[in-house]
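Enquirer: this one's structure only:
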Ligand SMILES: Nc1ncnc2c1ncn2[C@@H]1O[C@H](COP(=O)(O)OP(=O)(O)O)[C@@H](O)[C@H]1O
Ligand SMILES: Nc1ncnc2c1ncn2[C@@H]1O[C@H](COP(=O)(O)OP(=O)(O)O)[C@@H](O)[C@H]1O
Ligand SMILES: [Mg+2]
Ligand SMILES: [Mg+2]
Ligand SMILES: [Mg+2]
Ligand SMILES: [Mg+2]
């Protein structure tokens, strides 16, 4: 089974860091990386930070989550350039990224995870 | 029209603060208060902090949003005690609280806001 | 119902929770966020402090102070849940002496607070069989142990464990285990239906 | 297509954006987060610095450097959107000299990136009528102004403004306005279809 990792992308540095904190409670061993805010840590997203989050993530298959739509566009630009297999979810940001890492920690496979994520699609 | 306010409740202090930062970008004038983490600023929720967020909010009708289910229970305990009219939404936390404040800032009324929130229900 | 027995119950429950703090958190680590032992240990320790400080004179007041303290000190789902249970029990204890009626009120409080029903892998799956056995006059340590053990087979559909879906099967529910302690210590303290 | 004219275009666009930075942000404050002027000013200023530093020799290279710089420096939706436009235009400019074909490639890039179509109150609502007029041989300042003005009447269904639903009607789309600047300065710089 391919190793799964999670990347979270938020417009706000504090949100990204906070979500990782929330996830760490239930997912001590999961590969989690994040991108929060712009290069100057202002509100927005950063192509470079997202790219770094993908490259530094130990997962081979990355499950990616974002807060607002403009993050998605930067995410997709990075996805076109990375070697990794990336699955991007248009789901409730915190609730679905939390669900994903909890399931990965519990040993669930991608199909089981996506089944749980499906009802959280809102974008 | 009754003055609308927004209360956000997160398990993590950083997430609550970050969401408010994100909302402030589009809602300079909206009454927003928050509760993040436990009394000791650990991960969890605090009855007292939630109560304070309600009391300090200048809105007469409060739209309340939360991240994970256990926050909801504390929210409901506070709701049973507060004088204010509170509407609690089982919607995608960040996406829906952002939507709500953007609409309040734009002068939308409760009915219009709830129509936009309806498709974001996931809990 | 004897107020001294009820106080003893709270003391024994606090002791049991604190002795098993690590175990409760370990159970919660498997299907939750690993803090149930911490939450309950902190909450019950605060209850002890509050009971000592205020020394409530009636059963209703003991339950009320316990509930309010748990609500404000626990920080996790178990706070409002146990809190609602004890607050409802306090209300009921104001009008009746029947342990059965009081526990049933507690369960109603939990169900109202958490919108869960039996079979969803929560503390309710301890409370409900215990109350049933009490009503039938055959509540024992074994009834409690069986109810707790049964949560292993259930798929969680409420609480944090529900995020795991099928993966929650095969693990005890931590809240069901701590509720097991609640009822074991109730028997030990001699709090009974008469 | 003349590389000097294209460079002049980028310079004029940067100037126009920077002169109207406050206005663009004000437009974005009404239906978005109020940063479109900042975003575009920062992005285009970085483009100027990059063009000066690298002095690219071909039209394709000018567009490519512009696009890459916007993607990495803007921080808002307009970054990947304008970025994708210029990167697609660079690719097209590698094989053709036709302004029409190049702009069409740019629009395709935006549509692919943002999954929007005409009529959703985005920059596309400037690009699409401009390209149509160019194809018909009657592109003018007026065409551009009309396209931009028309976004006022549209309800946003993409981008941040879409959160406002009906409330987005009655406001110009900031990205449509900055795209208006792009095409006005294209005409001023003498970048044409032949
Ligand atoms: N909706 C609910 N109804 C009843 N009991 C619940 C509900 N949600 C959670 N629980 C109980 O709470 C326990 C978890 O408590 P705890 O770990 O202290 O809170 P948290 O999940 O917030 O960390 C679960 O094991 C379960 O027994
Ligand atoms: N999906 C999309 N497709 C096309 N254009 C879009 C899309 N989303 C947003 N835009 C454009 O981007 C502009 C906003 O840019 P900007 O304010 O810089 O980004 P942000 O919304 O991230 O703050 C909008 O006015 C609109 O023209
Ligand atoms: Mg827990
Ligand atoms: Mg917890
Ligand atoms: Mg903006
Ligand atoms: Mg922005």
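Expert: Thanks, I have it. Everything quoted here is computed from the prediction, not taken from an experiment. Ligands and ions are numbered 1, 2, ... in the order given.

Enquirer: how about the helices of chain A, start to end?
Expert: Assigned helices in chain A, in chain order: A:13-24, A:47-56, A:69-81, A:93-105, A:110-117 (criterion: DSSP state H).

Enquirer: Now do the first one: which elements does it pack against?
Expert: Packing partners of helix A:13-24 (3 or more Cβ pairs under 8 Å, 6 or more residues apart in numbering or on different chains; DSSP states H and E): strand A:4-10, strand A:31-36, helix A:93-105, helix B:13-26. Any C-beta I mention is one placed from the backbone N, CA and C, and that applies to glycine too.

Enquirer: try 10 Å this time
Expert: Using 3 or more Cβ pairs under 10 Å, 6 or more residues apart in numbering or on different chains; DSSP states H and E, the elements in contact with helix A:13-24 are strand A:4-10, strand A:31-36, helix A:47-56, helix A:93-105, strand B:4-10, helix B:13-26.

Enquirer: could these be laid out in TSV, adding distance to residue D:7, mean pLDDT and mean neighbour count?
Expert: Listed next are these as TSV, based on distance: least, Cβ to Cβ, whole Å; pLDDT from 0 to 100; neighbours: other Cβ atoms under 10 Å in any protein chain shown:
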stretch	distance to residue D:7	mean pLDDT	mean neighbour count
strand A:4-10	34	98	27
strand A:31-36	33	98	24
helix A:47-56	24	97	19
helix A:93-105	41	97	27
strand B:4-10	48	98	27
helix B:13-26	35	98	23
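
Enquirer: want to throw these into CSV with distance to residue C:94?
Expert: Shown next, in CSV, are these (distance: least, Cβ to Cβ, whole Å):
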stretch, distance to residue C:94
strand A:4-10, 49
strand A:31-36, 50
helix A:47-56, 57
helix A:93-105, 40
strand B:4-10, 31
helix B:13-26, 37
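
Enquirer: Which one, of the ones you listed, ends up nearest to ligand 3?
Expert: Ranking these by their distance to ligand 3 (criterion: Cβ to the ion) puts helix A:93-105 first, at 11.8 Å.

Enquirer: That closest one to helix A:13-24, inter-axis angle?
Expert: Put simply, helix A:93-105 runs at 30 degrees to helix A:13-24, going by axes from the mean of the first three to the mean of the last three Cα atoms, to 10 degrees.

Enquirer: For ligand 4, tell me whether helix A:93-105 is touching it.
Expert: No: for helix A:93-105, no contact with ligand 4 is found by Cβ under 5 Å from the ion; the gap never falls below 12.0 Å.

Enquirer: Leaving aside the residues adjacent along the chain, what's closest to residue C:170?
Expert: residue C:152 (6.3 Å; Cβ to Cβ, 6 or more residues apart in numbering or on different chains).

Enquirer: helix/strand/coil for the residue of chain C found nearest ligand 4?
Expert: Minimum separation of chain C from ligand 4 (Cβ to the ion) falls at residue C:76, amounting to 3.7 Å. Using DSSP: H, G, I helix; E, B strand; the rest coil, the secondary structure recorded for residue C:76 is coil.

Enquirer: Could you verify that the residue nearest to residue C:170 is part of a helix?
Expert: Yes: counting by three-state DSSP, residue C:152 is part of a helix.

Enquirer: Distance check, it against residue C:32.
Expert: Relative to residue C:32, residue C:152 is positioned 15 Å away (criterion: Cβ to Cβ, to the nearest Å).
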